[in-house]
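J.: Okay, here's the prediction I keep looking at, along with the sequence it came from:
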Amino acid sequence: MPSSSLRLKTTLFTNYLIHGFGMIILTQNLVKLSHHWNSSLTVASFVLSGIGIGRLVAYLLMGFISDQFGRKTTLLIGMTTYLIFLVATPFNSSVALAYALAILAGVANSALDSATYPLLAEINKNGTSNSVLLKAFISLGEFILPMIVLFLSQNNLWFGLSFMVPATLMALNLANLLPLNVRQSQQVIEEADLQGLVISRPKKVALSGGLFVYGYTSMAVMIWFTQWITIFAKKIGFSTTVAHFLLSLYSLGSITGVITVVVLLNRFNLKKPVFVTLNALSLLAITTITLSTNADLSAVAAFVFGFSAAGGLMQIALNTLLSIFPRHKGMLTGTFFIFGSLASFSVPIITGLLVKMPHTNIMAGDIIVAFVGFLVALIMLVTLPPENSSLADARKSINKIDSKLIALLEERFAAVNDVHKFKQTGQIAIKDLNRERQVLDNVAKKTKNKDLVPYNQAIVQTIMDNSRQYQASLK
Ligand SMILES: C=C(O[C@@H]1C=C(C(=O)O)C=C[C@H]1O)C(=O)O
């Protein structure tokens, strides 16, 4: 890997570590901030919604900028706006400005996403594992920040330092990115043409439609669970400790899942089987959680659910979408995340209504969401061609196919040997042009892609020429 590419990747992953901080930095400091803003906790928590608004408003615009003006421009917008949010928030004492800054954080998030996912797909020829790795960095950030906040409060240090740590990292990261020459979009489009998946139009429509739906369900399935699991567990009679423990197991499962998926995708060409299996597992796990009244079983299921549903499935789906339409990666990323944002917005509303109805099992609705996700996985299974993400990969596929061909040719020669024996006893000539014509007609009939008929016929003709030579060599 060239050092500039390593440097670029370092920038991208560090951004998402900082984003992990950013995701929870307002909630982690909410009490301090509300004093600062002279507001109630209710008003302060309203400020949080600004992030969601900023994301929704900016995704399409940032996607457009990413495709038209380049990934680096978009990255710079995202990193600068994040830096402003991080530096200004702890000094600001106005609620109105706090809301504006939260919107800015949402814009920063959408800019980073619209630039980073396309860029990773371009650096690594659809390298799905790198996108999944982003999720690991977010989790790492979310893991570290609460410890920093706790440390500051225990040592009576200024809470704003928890903002200054990621702000400093972001400033260093900006300095790292500025001199880098990130490939310009035009170059990318020309190469992208070559990388686009070759699949039929109906399959393209089915798969991309399914993947947009997945943008919603993959987010919804996690939000539904994390929002309700503790309340649900207490309601069915689990102890408070167990109820909270289920959520921790989910997080632990998620980190384990992300690492496992990154390793699997890096080593093997297993995107489709991994995607289908994890979706099946998540459906099984959420069904178990819904029906189980046994705390141990629920604990295992919560871990498995985190492992599968939150193990980077969303990133795999997005990466697949980008490989179908490589020319519009920025816009596609933006649109995909809008579906995700709609999930964060609508799931609390839907579940809020459901929970008011008597005799409803609040978790049962999440089974439906997981089931829709599983259906999309099945669509992917039948529509997505086996993918080769590098020259070496493509040659590996060819080697596998050749091994099968060789075994089949040996079988064919064995049958030819039998034919030869019958011909010898009946004193029949080796060459039979009628039979050869039949064989070639059959090749034309059996070949699905009609463009390939002349090539397949030429190959089989060569096989038959050799089969005759082989017969002549036999006694
Ligand atoms: C094996 C045969 O002998 C020859 C080889 C053929 C083949 O390999 O398919 C077909 C016709 C013959 O010219 C046969 O007659 O079936």
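T.: On my side now, so go ahead. Everything numeric here is computed off the predicted structure, so don't read it as measured data.
J.: going forward, measure contacts and count neighbours with C-alpha atoms only.
T.: Fine.
J.: which residues touch I25?
T.: Taking Cα atoms under 8 Å, 6 or more residues apart in numbering, we find I25 in contact with L145, S162, F163.
J.: Would you agree the second one is in contact with M147?
T.: When you say that, I think you mean S162. No. Using Cα atoms under 8 Å, S162 is not in contact with M147; the gap is 9.7 Å.
J.: about what we covered before: selection in ChimeraX covering whichever of the contacts of I25 are buried, please.
T.: Typed into ChimeraX, the line below selects the buried ones among the contacts of I25, using 16 or more other Cα atoms under 10 Å:
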select :145,162,163
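J.: In helices, which of the contacts of I25 appear?
T.: L145, S162, F163 (DSSP state H).
J.: how about those in JSON lines, adding distance to the ligand?
T.: Formatted as JSON lines, the ones in helices among the contacts of I25 follow (distance: Cα to the nearest ligand atom, whole Å):
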{"residue": "L145", "distance to the ligand": "71"}
{"residue": "S162", "distance to the ligand": "76"}
{"residue": "F163", "distance to the ligand": "76"}
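J.: quick one: buried residues of the strand or helix carrying H35?
T.: According to DSSP states H and E, H35 maps onto helix 30-36. Applying a neighbour-count criterion of 16+ other Cα under 10 Å, one finds L30, V31, K32, L33, S34 buried in helix 30-36.
J.: cool, stretch 346-364 as well?
T.: V347, P348, T351, I362, M363.
J.: who touches stretch 32-41?
T.: Stretch 32-41 is contacted from outside by L26, L30, V31, A44, P90, N92, S93, S94, V95, F159, using Cα under 8 Å, 6+ apart.
J.: all helices of the stretch 351-475 of the chain, in order?
T.: 364-383, 391-426, 433-446, 453-473 (DSSP state H, counting those that start in this stretch).
J.: How about the stretch 201-350 of the chain?
T.: 201-235, 240-267, 271-291, 295-309, 313-324, 329-354.
J.: Of all those helices, which one is nearest the ligand?
T.: helix 201-235 (36.2 Å; Cα to the nearest ligand atom).
J.: Would you mind putting the CA coordinates of the helix holding H35 into CSV?
T.: Presented in CSV, the C-alpha positions along helix 30-36 are these (Å, rounded to 0.1, in the frame of the first residue of the first chain):
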residue,chain,number,x,y,z
LEU,A,30,-26.0,17.2,29.2
VAL,A,31,-26.4,18.2,32.9
LYS,A,32,-23.4,20.5,32.8
LEU,A,33,-24.4,21.9,29.4
SER,A,34,-28.0,22.6,30.6
HIS,A,35,-26.6,24.7,33.6
HIS,A,36,-24.4,26.5,31.1
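J.: N109 against L76, yeah?
T.: No. Assessed by Cα under 8 Å, N109 is found out of contact with L76, at 11.8 Å.
J.: more neighbours, these two?
T.: Neighbours were counted for N109 and for L76 using other Cα atoms under 10 Å; N109 has more, 27 against 18.
J.: returning to what we had before: dump the contacts of I25 to CSV, plus distance to I65 and pLDDT.
T.: Below are the contacts of I25 laid out as CSV (distance: Cα to Cα, whole Å; pLDDT from 0 to 100):
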residue, distance to I65, pLDDT
L145, 31, 91
S162, 31, 96
F163, 28, 98
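J.: Return the member of the contacts of I25 nearest to D402.
T.: L145 (52.8 Å; Cα to Cα).
J.: Look up the closest residue to the closest one, ignoring the ones flanking it.
T.: If the residues on either side of it in the chain are set aside, L145 comes closest to F21, at 5.7 Å by Cα to Cα, 6 or more residues apart in numbering.
J.: in the helix or strand harbouring the one you found, what's buried?
T.: Counting by DSSP H and E, the element that carries F21 is helix 3-28. Judged by neighbour count using 16+ other Cα under 10 Å, the buried positions of helix 3-28 are 8-9, 11-26, 28.
J.: Kindly report the same for stretch 408-419.
T.: F413, V416, N417.
J.: ok, the second one to S403 distance?
T.: Looking back up the chat, that one is V416. To S403, V416 is 20 Å away according to Cα to Cα, to the nearest Å.
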